[in-house]
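**Q** okay, sequence plus prediction incoming.
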Amino acid sequence: MQNIRAGVIGLGNRGYSLLTSVVLHCHDVTVTAVCDLYEDRIERGAKAVVDKCGVRPATYTDYKQLIDDENVDVVLVLTAWEAHIDPAVYAMKAGKPTALEVGGAYSLKDCWKLVETQEQTGVPFMFLENCCFGRREMMTLNMVEQGLLGEVVHCSGCYAHDLRHEVAYGNDDRHYRLRNYLNRNCENYPTHELGPIAKVLKINNGNRIVSLTSTSSKAAGLKQYIADKKSDDTELMNATFQQGDIVTTVLKCAHGETIVLTLDTTLPRYYSRGFTVRGTKGLYEECTDSVFLDRKEDIDREWAWRANCNGNAKEYEEQYDHPVWKKYLSEGVQGGHDGMDWLEFNTFFDCLREGKEMPVNVYDAATWMSITALSEQSIANGSAPVAVPDFTRGKWVL
């Protein structure tokens, strides 16, 4: 598959951004069709394709019609969370390679549907977790694989992002987060932090997550924000939000490692993914962008380290930057999110052309997405432990 004809489903904020900043700039990729439920988004997406390529794509409001279009070879599902599984399943059943944007699952049944469809059809599938392609995440993975941090014992991460405006103005902007925050209480966006950690811990590839517990704080942040910023919205002023401000989820792995995930999106704060890897010989910590090793020079300056937020990870780039990033930097970083989006999409298209396995596969998608449904169950039952299914059905041990 050389000249790839892509169909894009979902042209909201994320979908349109990926279309214009990444997909339309990928080598030997042509967008031949776009789809959304809203006509204005369809027109905006079609115009972007015309402006870049000079040819208007086919336009649809029904994702099945886009997938059935004979001029579409590959399907990119960039929709709202609730609309992820069915288009991906339909595309794979139609024999068309599929890339699926991230988000948490609403049920384990959906996760199994995704896995079983891919296994039955054999159609290439990739989960678009861009943080697996982050420079520091990949550098840390390389450090772990080279033994610098020793045996990994514990990892943590967060999706810490002040989304109060996005949620509160969800009706105005037709954004799916509002309806989710009104009706659900869970770790609703686990994959940004969990994806890179899962790669470090070889989840589904020699290791697996076996159980979790999840605990939620009360929901107060959005209520205060709406009172301060949107008090004329009587509907939201009288609404009760189910989504807790802080959700903490603890996962246990088959080989004894632990993972802590934190969702933190409705209180004032700075952005962070909190990516941290702790090993027997040292650590990497995103919040201070530091590597700390079990050696005399690091231990001797421990107090200065804490006071100054050392930020020394840059010193390790020359030796430990991942080969993927070394090549990427030499060619010139492009695309959104500091280049992560560009890397993930080009990896997807390159794997299709070369017949390679996808680096973030359907088992990764199902496992990481399942954390949302399972955390919802745990929270509802007083932070009770919940088993995490083995979506590989034992293949993880091979």
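**A** In hand now; what should we look at?
**Q** quick check: buried residues in stretch 118-137?
**A** 118, 121, 123-137 (16 or more other C-beta atoms under 10 Å). To be clear about C-beta, it is placed using only N, CA and C from the backbone, and glycine gets the same treatment.
**Q** and for stretch 231-248?
**A** Result for stretch 231-248 [16+ other C-beta under 10 Å]: buried residues 236, 241-248.
**Q** again with stretch 273-290
**A** Those would be 273-279, 282-286, 288, 290, for stretch 273-290 by 16+ other C-beta under 10 Å.
**Q** for stretch 372-379, same thing?
**A** Buried, per 16+ other C-beta under 10 Å, within stretch 372-379: 372-376, 378-379.
**Q** just flag the most distant two among the buried residues of stretch 273-290.
**A** Arg273 and Gly282 (19.7 Å; C-beta to C-beta).
**Q** how far away is His192 from Ala94?
**A** Distance check for His192 against Ala94: by C-beta to C-beta, to the nearest Å, it reads 29 Å.
**Q** apologies, that question was intended for Glu116.
**A** 16 Å.
**Q** do the same with Val362
**A** 16 Å.
**Q** next: Ile9.
**A** Taking C-beta to C-beta, one finds Ile9 at 13 Å from Ala94.
**Q** swap in Arg301?
**A** Arg301 is 59 Å from Ala94, where distance means C-beta to C-beta.
**Q** before we move on, the earlier item: among His192 and Ala94, which residue is more densely surrounded?
**A** Between His192 and Ala94, counted using other C-beta atoms under 10 Å, the more crowded position is His192 (23 against 16).
**Q** tell me the helix or strand right after the least confident helix or strand in the chain by mean pLDDT.
**A** Lowest by mean pLDDT, DSSP states H and E among the helices and strands of the chain is helix 302-308, with a mean of 66. Scanning forward in sequence from helix 302-308 by DSSP states H and E, the next helix or strand is helix 317-320.
**Q** next SSE downstream of that next one?
**A** Following helix 317-320 toward the C-terminus (DSSP H and E): helix 323-331.
**Q** would you turn the buried residues of stretch 273-290 into a markdown table with distance to Ala58 and pLDDT?
**A** Converted to a markdown table, the buried residues of stretch 273-290 look like this (distance: C-beta to C-beta, whole Å; pLDDT from 0 to 100):
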| residue | distance to Ala58 | pLDDT |
| --- | --- | --- |
| Arg273 | 37 | 97 |
| Gly274 | 42 | 97 |
| Phe275 | 40 | 98 |
| Thr276 | 46 | 98 |
| Val277 | 45 | 98 |
| Arg278 | 50 | 98 |
| Gly279 | 51 | 98 |
| Gly282 | 53 | 96 |
| Leu283 | 51 | 96 |
| Tyr284 | 46 | 97 |
| Glu285 | 48 | 95 |
| Glu286 | 42 | 95 |
| Thr288 | 49 | 91 |
| Ser290 | 50 | 92 |
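**Q** Glu376 contacts Asn183, doesn't it?
**A** No. Glu376 is not in contact with Asn183 according to C-beta atoms under 8 Å; the separation is 10.7 Å.
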